[in-house]
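Q: Sequence first, then the predicted structure, then my questions.
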Amino acid sequence: MKYKSSIYWFFVGLILILNPYFLNAQHNGNLVQDEQFDPKKFSIVVYGTYVSSAELMDNIRSPISYLRDASVELVGGYGYGAEVTYDPSIEGFDVLLYLSSEYLKVEDDGLLYRFDQDTISANVRFTEQFSMIPIEGGLKWNLPISTQRIKIYIGGGAGIYFGERNRKLGPISTTNISRKPGYSMNVLAGGDYFLAGNLSVNFEFKFREASFDSEEDFGTDYISVGGNNFMLQNPIYSRILVDGVRLSAGIKYHF
């Protein structure tokens, strides 16, 4: 997780360093324009997404630091979403404002839970399922390397992340008690390839540390494995951290 955080802050720093140069270059008129593709005030894009990975932190209330910070890698997942952008037309600043939301669902059934009780132990396969709905907003800057049909941009912003999760352990599963949304900054880069004056194909990658907390209960204190009863952890206080790279592709309409 520290490695992924380093990548995140690297991109944040890169945007802060490069942004004055890009804004100055655009102010000097270096961006290639084409009358066929006049700038529009608004755009809306509908896209599909893929997130490369996520993490499960299963002991976020533990008083022991290494248990509290321990995490299990989860597989990535697919989703869909939409975004609206607005061009405030500030002279000398080719800046866009954006607001987006999406739906992401992940299911990982390749996880093992180890029970230890006296001299008896057992490994039980369990499935972790979660869904997340981010609401994000921020800024995008069109870069001066854009051409007549292709616009490249960088950007960043912040978001709030809502979610819910469920754990299936053998024949039993959890029920939700409470959920708490998380907050995060994000950095992004992408591009548009114009098919017509008001229609483009959009590609984007975004890096963020989106998360939400969840409190769950199995509804029973024991599970039977191989004729032995093992005590369950109730309730479970956990955090889902979606810190993998988010890739998206979609169709954008400019108006």
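A: Sure thing, it's come through.
Q: Run through who's touching stretch 177-184.
A: Stretch 177-184 has contacts (C-beta atoms under 8 Å, 6 or more residues apart in numbering) with 158-164, 208-217, 235, 239. Any C-beta I mention is one placed from the backbone N, CA and C, and that applies to glycine too.
Q: quick one: which of the residues you listed sit in strands?
A: 158-164, 208, 210-217, 239 (DSSP state E).
Q: Now that we have these, which of them are buried?
A: Neighbour-count burial (16 or more other C-beta atoms under 10 Å) applied to these gives 159, 161-163, 208, 210-214, 216, 239.
Q: any idea how far the closest residue to residue 204 other than its chain neighbours is from residue 243?
A: Of all residues not flanking residue 204 in the chain, residue 190 sits nearest, at 3.1 Å (C-beta to C-beta, 6 or more residues apart in numbering). Separation of residue 190 from residue 243 (C-beta to C-beta, to the nearest Å): 19 Å.
Q: Equivalent analysis for residue 65, please.
A: From residue 65 across to residue 243, the span is 20 Å (C-beta to C-beta).
Q: more crowded one of the two?
A: residue 243 (22 against 8; other C-beta atoms under 10 Å).
Q: was I right about the more buried one contacting residue 186?
A: No - if you go by C-beta atoms under 8 Å, residue 243 and residue 186 don't touch, sitting 10.8 Å apart.
Q: which neighbours do the two share?
A: Residues touching both residue 243 and residue 186 (C-beta under 8 Å, 6+ apart) are 208, 210.
Q: if I pick residue 56, what's in contact with it?
A: For residue 56, the contact set (C-beta under 8 Å, 6+ apart) comprises 71-72, 74, 128, 238-241.
Q: For burial, what's the neighbour tally of the nearest residue to it once chain neighbours are set aside?
A: With sequence-adjacent residues excluded and distances taken as C-beta to C-beta, 6+ apart, residue 56 is closest to residue 72, at 4.6 Å. Applying other C-beta under 10 Å, we find 14 residues neighbouring residue 72.
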